[in-house]
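Q: Generate a structure from the sequence data that follows.
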Amino acid sequence: MPALRFEILAECPVTGARTGLLHTPHGVVETPVFMPVGTQASVKGLTQQQLRDELGVQILLANTYHLFLRPGHELIRSLGGLHRFMSWPGAILTDSGGFQVFSLDSLRKVTDEGVLFHSHLNGDAHLFTPASTVDVQLALGSDIAMVLDECLAYPASHEAASASMRRTVGWARAAFAHYREAVEGMESRHALFPIVQGSMYADLRRECAGSLVELDAEGYAIGGLSVGEPREMSLEMVGTTAPLLPAGRPRYVMGVGMPEELAQYVARGVDMMDCVLPSRNARNGCLFTSTGRVIIKQARYRDDARPLDENCSCYTCRNYSRAYLRHLFQAGEMLYSILGTLHNVKHYLDIMARIRQSIRLGTFVDLVRALSSREAFEE
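A: Sure thing, here's the model as predicted:
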């Protein structure tokens, strides 16, 4: 029995955007979906109860690399798996650690065998291979696991991108061979997604997608974005790649994007996204609202009695003024990060809910125009 079932409910006849239901072992996820990032089995600043009850989150992302180092996947397995460990009833997607190949470039060495990491915590050496990262994620018990891939910084030469892409394809094949053998006798169900790479070269993206489709995976990811390239180029690569992936399987774009970009990715056939921006920007004082970005430290909010966003129904906006949020930020109070993160994540989830509704109602194209023109400015 497959781990996932993807049900498409409606499509936009103009763009091909679709809305549907992703059936997982830990509940149904409405798509297109934005997944909050819980790197260390925690979305910074929010409790699992807030995520589930206040925000209605259905799926979270956790990081294999960080959980492997601390507290360790075998400990998490012994305590009942990641869902029980973090007391999360919904679905979980784990990445493979491949992005750390990019972000921790001074601490690793890449070969065809895998990636040799030196822990950023204590310097200990660890080898991640296509098979070992599958084993770690099976120990964590995530609903959706990702293959090990290589993510290059932008810009990269065509030669380097080609070699990296072919390595990623080879790793994916090895990962799937190991995964299918490993899950054969397991009672629990887990899906594995390969990741399309190829830097910003359309020919390499097409070649990679064509090779990975042969794996007949339950879903597919598009990686190697948000690595320094212009946003137009990110959208172009997604637009090139998504139509090459199976229409009946979920498509996941990794590490995107700003609020005004979410509908743009959906318009290119994307069903799943994740990004640290809602939580990270909140902690740094950048709050997203329906009328633009609020940089809360600015003096003009010192005596501003208005709610952060009059069009938002989140706990923060129902109860607190901009003046109070500014005071908390200036005072370094941790409550600011809690309230700001809660609002920013709600803002992202509200956008996704509006996107899903507009696809069902046939007004998606109008919403894309409205979001693209409104979000990219400060108040």
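Q: If you average pLDDT per helix and strand, which one of this protein comes out bottom?
A: The helix or strand of the chain with the poorest confidence is helix 98-103; it has a mean of 73 (mean pLDDT, DSSP states H and E).
Q: helix or strand right after that one?
A: Reading on from helix 98-103 to the C-terminus, the next helix or strand found by DSSP states H and E is strand 108-110.
Q: Mind giving me the packing neighbours of that next one?
A: If you count contacts as 3 or more C-beta pairs under 8 Å, 6 or more residues apart in numbering; DSSP states H and E, strand 108-110 packs onto helix 98-103, strand 115-118. Using the backbone N, CA and C atoms, a C-beta is placed for each residue, glycine as well.
Q: Determine which of the ones you listed approaches residue 173 most closely.
A: Among the helices and strands packed on strand 108-110, the nearest to residue 173 by C-beta to C-beta is helix 98-103 (15.2 Å).
Q: and the residue nearest the centre of the chain, what does it touch?
A: When C-alpha atoms, centre = their mean is applied to the chain, the residue found nearest the centroid is residue 274 (2.1 Å). By C-beta atoms under 8 Å, 6 or more residues apart in numbering, the residues touching residue 274 are 34, 35, 36, 37, 61, 93, 252, 254, 255, 256.
Q: so of the residues you listed, which ones are in strands?
A: Counted as lying in strands by DSSP state E, out of the contacts of residue 274, are 34, 35, 61, 93, 252.
Q: now, which of the residues you listed sits nearest residue 350?
A: residue 34 (10.0 Å).
Q: ok, that closest one touching residue 273?
A: Yes: assessed by C-beta atoms under 8 Å, residue 34 is found in contact with residue 273 at 5.2 Å.
Q: intersection of neighbour lists for those two?
A: residue 262.
Q: what's the neighbour count on the residue lying closest to the residue nearest to the centre of the chain once chain neighbours are set aside?
A: Residue nearest to residue 274 in three dimensions, not counting chain neighbours: residue 35, with 4.1 Å by C-beta to C-beta, 6 or more residues apart in numbering. Number of residues near residue 35 (other C-beta atoms under 10 Å) recorded here: 24.
Q: same check, this time on residue 162
A: Based on other C-beta under 10 Å, the number of other residues close to residue 162 is 18.
Q: and it, what pLDDT?
A: At residue 162, the pLDDT value in this model is 98.
Q: Surely it touches residue 208?
A: No: using C-beta under 8 Å, residue 162 makes no contact with residue 208, being 9.7 Å away.
Q: What is the burial count for the closest residue to residue 307 other than its chain neighbours?
A: Leaving aside its chain neighbours, residue 307 sits nearest to residue 317 (4.5 Å; criterion: C-beta to C-beta, 6+ apart). The local packing of residue 317 (other C-beta under 10 Å) involves 23 other residues.
Q: by contact count, what packs against the helix or strand in which residue 317 is found?
A: For residue 317, the host element (DSSP H and E) is helix 315-319. Judged by 3+ C-beta pairs under 8 Å, 6+ apart, helix 315-319 is in contact with helix 334-361.
Q: Toward the C-terminus, what is the element adjacent to the helix it packs on?
A: Next helix or strand after helix 334-361 toward the C-terminus (DSSP H and E): helix 364-374.
Q: what's the average pLDDT for that following helix?
A: So the average pLDDT for helix 364-374 ends up being 89.
Q: list the helices and strands that helix packs on?
A: helix 262-266, helix 334-361.
Q: which residues touch that helix?
A: With C-beta under 8 Å, 6+ apart, helix 364-374 has contacts from 12, 14-15, 17, 259-260, 262-264, 266-267, 290-292, 351, 354-355, 358.
Q: got the CA positions of it in PDB?
A: C-alpha atoms of helix 364-374 as PDB (Å, rounded to 0.1, in the frame of the first residue of the first chain):
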ATOM      1  CA  PHE A 364      -6.900  32.200  -9.300                       C
ATOM      2  CA  VAL A 365      -5.500  34.500 -12.000                       C
ATOM      3  CA  ASP A 366      -7.000  37.500 -10.400                       C
ATOM      4  CA  LEU A 367      -5.600  36.600  -7.000                       C
ATOM      5  CA  VAL A 368      -2.100  36.100  -8.500                       C
ATOM      6  CA  ARG A 369      -2.200  39.700  -9.900                       C
ATOM      7  CA  ALA A 370      -3.500  41.100  -6.600                       C
ATOM      8  CA  LEU A 371      -0.800  39.400  -4.500                       C
ATOM      9  CA  SER A 372       2.000  40.200  -6.800                       C
ATOM     10  CA  SER A 373       1.200  43.900  -6.800                       C
ATOM     11  CA  ARG A 374       0.500  44.400  -3.100                       C
END
